[in-house]
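Undergrad: no sequence on this one, just coordinates:
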Ligand code: SF4
């Protein structure tokens, strides 16, 4: 039997058929779909292997001792135990004693029900999710500029007809290979400190690779704006008719003539002029940003600087041109819309907006005053766990913060200090291994639900096969706990279609409006891009007639350049930056358990320029300790002549001693609360193998 569904991993959400039948192992095959053009990367091809993994957890587990022992139990016992402990901690310490940590990998329905569970069943303000570490800077900058943020406010195939595409801090050739099918026609300008696979393709196609010093992207964007204006290439009519705030933004760009830009970023002045001309004179052009722009303590301003450039060239809100953010996690878009963020209610509504509270409270059948207010952001929530001012218990769904949070050693210490850690997962991730209770949940192909991909396209995930006996869906877990915490059963349905219908009502009239999304429309193959306000609606291209601010105009943000939160010095003379590999996904909890992927990339590594290797006393193939002020990560040295001598690169898919996030900096962006993942001052030391 073959069932059409979508990949469990990244935001491209490639379409696939999963074949599953008696006696045979499930297998994934690519399926026709405009976003991935019938392609899958190796992660997609191998994704079904985990369904039958011997490492699946199939019984609820209760910790028996601190040294790692668990005992299997039945669901009633596990849920009663969890609910009882939560009630006790709430009674003793108040509702905010319990925290919830969600994920940009959860379906729309789970994201929604989890937010509702936190606010109603637990009454806590302490809920946030790992998307805070992923997309929050782009979401903040997009909202600021356009009044509403949708990753790509146009279908991805639109970019194929452009003449030039600038990719800032994105490496889709490695992270989303099928996306490159849309990028083979345009000339690419790739902005990345690393000589990435995408940079290589840009150069091969006659494009440019601009390799700024990590943390200097705003200066480069300002320099490109300056160079475009100096060459009289700004779209003055568009600026006058469709935007506000150019003059204030220009004050920051005025000083960044190309030679000054070169001094700050290291990108040659001539390249800055050339890139500006190429982008500004293209018949169709897109500026696309990724995590490399966002994961900074100034991530919001960095993305704003790229948006300012796009606005000055008249790109957003036009057919054949635009600005977009390439989301990362599978539901990086939907996961940030439905209320699992600390400051948000469903429909992209602010939790401190009285009208939003009244609307959602009515859908939920409660008084608005019952809803808690905004809570701390992801890192702040994690960093306070087990302290006098933090939560005493936490429920984790779809996330592995012991590996993926910044300053991960510090976060692991905080997780250890909890009175109760409950983790829903299907394998024993590093975070699950620290839990007091592990609840085994279904995987993507074992349940129904919807996802919203990087284009704002709502997709139907279908159940291909039943979960193993003893395993429940996340929705069933949430519903089971809610009832045990005293909620009426009808308030927490475990059926995905019922949750989607309620999500539609709760989001109606909000920015991300799903009111017209229905299983029937999705099963009929309709292409649904939000906002979907009613049963006839879909919005493939946004902002063509105006932006979402009340006056219909986009806003330039008055942003300048400022240094990274931490600069190299004598003790830590190098910069570490982090990123993804083709063969692994996020914390690697899933992909490190897939034979082909683990075989291809079995261990952490660090890319080092040969001169830097000599200076640091490490040779190709050595093990090195990458040491920052916060901790150390072990990694095998790979010398690369095309690396920047001042920068090393670490993939972040490995755990324990090899976790790249052992060294990363938790300095936070003042707007998005995004940590400074991409710039950490480090030194290299030769080390023994782990
Ligand atoms: Fe497609 Fe991403 Fe899955 Fe690869 S991981 S198959 S690019 S959705």
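TA: That came through, no problem. Computed from a prediction, not measured in an experiment: that's the story for all the values here.

Undergrad: Please report how far the residue nearest to residue 195 when sequence neighbours are not counted lies from residue 211.
TA: Leaving aside its chain neighbours, residue 195 sits nearest to residue 642 (3.8 Å; criterion: CB to CB, 6 or more residues apart in numbering). Every C-beta, even on glycine, is put in place using the N, C-alpha and C of the backbone. Distance, residue 642 to residue 211, by CB to CB, to the nearest Å: 9 Å.

Undergrad: okay, those two: which has more neighbours?
TA: Taking other CB atoms under 10 Å, residue 642 and residue 211 do not tie; residue 211 has more neighbours (22 against 13).

Undergrad: Quick check: closest non-adjacent residue to the more buried one.
TA: Distances taken as CB to CB, 6+ apart place residue 193 nearest to residue 211, at 5.4 Å, with adjacent residues excluded.

Undergrad: pretty sure that neighbour contacts residue 217?
TA: No. The criterion here is CB atoms under 8 Å, and residue 193 misses it with residue 217 at 9.0 Å.

Undergrad: what about those two, which has more around it?
TA: More neighbours surround residue 217 than the other of residue 193 and residue 217, with 31 against 28 (other CB under 10 Å).

Undergrad: need the contact list for the more buried one.
TA: Contacts of residue 217 were listed using CB atoms under 8 Å, 6 or more residues apart in numbering, and they are 168, 169, 191, 265, 292, 293, 296, 302, 305, 306.

Undergrad: Rebuild the residues you listed as CSV, extending it with neighbour count.
TA: As requested, the contacts of residue 217 are arranged in CSV below (neighbours: other CB atoms under 10 Å):
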residue, neighbour count
168, 28
169, 28
191, 29
265, 28
292, 27
293, 29
296, 30
302, 34
305, 30
306, 28
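
Undergrad: Filter those down to just the ones in strands.
TA: Those of the contacts of residue 217 mapping onto strands are 168, 191, per DSSP state E.

Undergrad: Go through the contacts of residue 217 and flag which are in helices.
TA: Among the contacts of residue 217, the ones falling in helices (DSSP state H) are 265, 292, 293, 302, 305, 306.

Undergrad: Need phi/psi at the residue in the stretch 501-650 of the chain that the ligand sits nearest to.
TA: The ligand sits closest to residue 585 of the stretch 501-650 of the chain, with a gap of 6.4 Å, by CB to the nearest ligand atom. Backbone torsions of residue 585, given as degrees, to the nearest 10, read phi -130, psi 130.

Undergrad: my read: it touches residue 9, true?
TA: Yes. With contact defined as CB under 8 Å, residue 585 and residue 9 form a contacting pair (4.7 Å).

Undergrad: higher neighbour count, those two?
TA: The neighbour comparison of residue 585 against residue 9 (other CB under 10 Å) goes to residue 585, with 27 against 24.

Undergrad: what helix or strand does whichever residue of the stretch 251-400 of the chain sits closest to the ligand sit in?
TA: Nearest residue of the stretch 251-400 of the chain to the ligand, counting by CB to the nearest ligand atom: residue 330, 7.1 Å away. For residue 330, there is no enclosing helix or strand under DSSP states H and E.

Undergrad: Mind telling me what element residue 324 is part of?
TA: Per DSSP H and E: residue 324 is located in strand 322-325.

Undergrad: which parts of the chain sit against the ligand?
TA: For the chain, the residues in contact with the ligand (CB under 6 Å from any ligand atom) are 7, 9-10, 12-14, 36, 40-41, 43-44, 176-178.

Undergrad: Tell me the one of those residues nearest residue 89?
TA: residue 9 (34.7 Å; CB to CB).

Undergrad: Next up, the contacts around the closest one.
TA: Residue 9 neighbours (CB under 8 Å, 6+ apart): 43, 44, 47, 330, 585, 590.

Undergrad: next one: residue 95
TA: Counting by CB under 8 Å, 6+ apart, residue 95 makes contact with 122, 123, 124, 125, 372.

Undergrad: Sort out for me which of the residues you listed are in helices.
TA: When DSSP H defines the helices, the subset of the contacts of residue 95 inside them is empty.

Undergrad: count of residues packed around the nearest residue to residue 416 once chain neighbours are set aside?
TA: Spatial nearest neighbour of residue 416, chain neighbours left out: residue 434 (6.6 Å); criterion: CB to CB, 6+ apart. Look at residue 434: counted by other CB under 10 Å, it has 19 neighbours.

Undergrad: hey, where'd the helices end up in the stretch 551-690 of the chain?
TA: Taking DSSP state H, counting those that start in this stretch as the criterion, the stretch 551-690 of the chain contains helices spanning 595-600, 610-616.

Undergrad: other SSEs contacting the longest one?
TA: Helices and strands touching helix 610-616, as assessed by 3 or more CB pairs under 8 Å, 6 or more residues apart in numbering; DSSP states H and E, comprise strand 632-639, strand 680-687.

Undergrad: Now render these as JSON lines, adding distance to residue 620, mean neighbour count and mean pLDDT.
TA: Output for the helices and strands packed on helix 610-616, formatted as JSON lines (distance: least, CB to CB, whole Å; neighbours: other CB atoms under 10 Å; pLDDT from 0 to 100):
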{"stretch": "strand 632-639", "distance to residue 620": "4", "mean neighbour count": "22", "mean pLDDT": "98"}
{"stretch": "strand 680-687", "distance to residue 620": "12", "mean neighbour count": "21", "mean pLDDT": "97"}
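
Undergrad: what comes up buried for stretch 246-263?
TA: For stretch 246-263, a neighbour-count test (16 or more other CB atoms under 10 Å) marks 246, 249, 250, 252, 253, 256, 257, 258, 260, 261, 262 as buried.

Undergrad: Tell me if I'm right that the first one and residue 555 touch.
TA: No. Judged on CB under 8 Å, residue 246 makes no contact with residue 555 at a distance of 9.9 Å.

Undergrad: Dump the helices and strands packed on helix 610-616 to TSV, plus distance to residue 52.
TA: Compiled in TSV, those are given as follows (distance: least, CB to CB, whole Å):
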stretch	distance to residue 52
strand 632-639	30
strand 680-687	37
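
Undergrad: thinking again about what came up before, overlap in contacts, residue 193 and residue 217.
TA: In contact with both residue 193 and residue 217: residue 292, using CB under 8 Å, 6+ apart.

Undergrad: Tell me the first helix or strand C-terminal of the helix or strand harbouring residue 113.
TA: Secondary structure from DSSP H and E places residue 113 in helix 108-116. Going down the chain from helix 108-116, the next helix or strand is strand 127-129, by DSSP H and E.

Undergrad: Which strands and helices lie in contact with that next one?
TA: Under the contact criterion of 3+ CB pairs under 8 Å, 6+ apart, strand 127-129 touches strand 98-102, helix 108-116, helix 378-383.
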